[in-house]
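build me a model from this:
(chains A and B)
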Amino acid sequence: QSALTQPASVSGSPGQSITISCTGSSSDLSVYNFVSWLQQHPGKAPKLMIYDVSKRPSGVSNRFSGSKSGNTASLTISGLQAEDEADYYCTSYTGTSTVFGGGTKLTVV
Amino acid sequence: QEQLVESGGGLVKPGGSLRLSCAASGFTFSEYYMSWIRQAPGKGLEWLSYISSSGGTISNADSVKGRFTISRDNAKNTLYLQMNSLRAEDTAVYYCAREGTWGRGAFHIWGQGTMVTVSS
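Numbers count the residues shown, from 1 in each chain, chains lettered A, B, ... in the order given. From the prediction side, this is the model:
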């Protein structure tokens, strides 16, 4: 049940696009298309932004998109806005559990 | 609206026990897999345990195997986490979360969390 690997931090300016990577192993990301991304603002519960690699829940902006290649998944946020500043976590189903990435702090400068 | 509300957190001594509850409303609780997830202060999210919609399938993270037990009462729309032999490293905010209609491992609905502090 090893954690997925994410960069500790990324930053971007308003209006720009950023991509957060999430690297797994042969037992999770590369096997299942059950990858999701969560957004968490300080002191708040996480919110689902992407599931099943690239699907957006109702109400989530289409500025958020997800993809996967091999054992690496990616979250792209286009047209960065101040309210996108938050922690982002990837997850992957492993067949018997769900593993989380360590989290990436997005700073909108 | 779809909602999860956790309760039962608090301060407990090392070696002690605590039972968390998660009350569901606004959706058909008995149709969904449910999980417990925690977040230690200043740290990331850690999946702990899931239970199938009927309660017939359970899986636990290695970190809590033999100490924590997930269960559910579909008649009461409530999820539980029985935590025994608590350690200082179990100090965290504990969230319950609901998976989606299809697929696995994505947590569509989250509770607000309940804080558990293990300290003497």
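
okay, which residue is most central for chain A?
Centroid check for chain A by C-alpha atoms, centre = their mean gives residue A:37 as the closest residue, at 3.5 Å.

does residue A:77 really touch residue A:15, like I thought?
No. Checked against C-beta atoms under 8 Å, the pair residue A:77 and residue A:15 is beyond contact range at 11.2 Å. The C-beta positions use only the backbone N, C-alpha and C, and glycine is treated the same way.

where do the helices of the chain begin and end?
The chain I'm using is chain A. Using DSSP state H, chain A contains no helices.

comparing residue A:77 and residue A:15, which shows the higher neighbour count?
Higher neighbour count among residue A:77 and residue A:15: residue A:77, with 24 against 10, using other C-beta atoms under 10 Å in any protein chain shown.

farthest from the middle of the chain: give me that residue.
Because you didn't say which chain, this covers chain A. Among residues of chain A, the one most distant from the C-alpha centroid is residue A:96; the distance is 20.8 Å, by C-alpha atoms, centre = their mean.

report the contact partners of the nearest residue to that one once chain neighbours are set aside.
Nearest in space to residue A:96, with sequence neighbours left out and distances taken as C-beta to C-beta, 6 or more residues apart in numbering or on different chains, is residue B:59 at 5.1 Å. When contacts are counted by C-beta atoms under 8 Å, 6 or more residues apart in numbering or on different chains, residue B:59 is found next to A:96-97, B:49-50.

mind listing the residues bridging to residue A:37?
residue A:50, residue A:90 (DSSP bridges).

so it sits against residue A:87, correct?
No. Residue A:37 is not in contact with residue A:87 according to C-beta under 8 Å; the separation is 11.1 Å.

list the contacts of whichever residue of chain A sits closest to chain B.
Proximity to chain B, evaluated over chain A using C-beta to the nearest C-beta, is greatest for residue A:93 at 3.0 Å. When contacts are counted by C-beta under 8 Å, 6+ apart, residue A:93 touches A:28, A:32, A:34, B:103-105.

how much space separates it from residue B:34?
The span separating residue A:93 from residue B:34 equals 15 Å under the rule C-beta to C-beta, to the nearest Å.

cool, residue B:105 as well?
From residue B:105 over to residue B:34 the distance is 13 Å, taken as C-beta to C-beta.

what touches both of these two?
residue B:99.

and the spatially closest residue to residue B:45 that is not a sequence neighbour, how far is that from residue B:23?
Leaving out its chain neighbours, the residue that sits closest to residue B:45 by C-beta to C-beta, 6+ apart is residue A:100, at 4.7 Å. If you measure residue A:100 against residue B:23 using C-beta to C-beta, the figure is 25 Å.

those two: which is more packed in?
Set side by side, residue A:100 and residue B:23 show more neighbours around residue A:100, with 23 against 16, by other C-beta under 10 Å.

list the contacts for the more buried one?
Listed by C-beta under 8 Å, 6+ apart, the contact set of residue A:100 reads A:3-4, A:89-91, B:44-47.

wait, which of those is closest to residue A:47?
Distances from those to residue A:47 were compared by C-beta to C-beta; the smallest belongs to residue A:89, at 10.5 Å.

ignoring the adjacent residues along the chain, who's closest to the closest one?
Once flanking residues are discounted, residue A:89 sits nearest to residue A:38: 4.5 Å by C-beta to C-beta, 6+ apart.

hang on, the one you found packs against residue A:86?
No. With contact taken as C-beta under 8 Å, residue A:38 and residue A:86 are classed as non-touching, separated by 9.5 Å.
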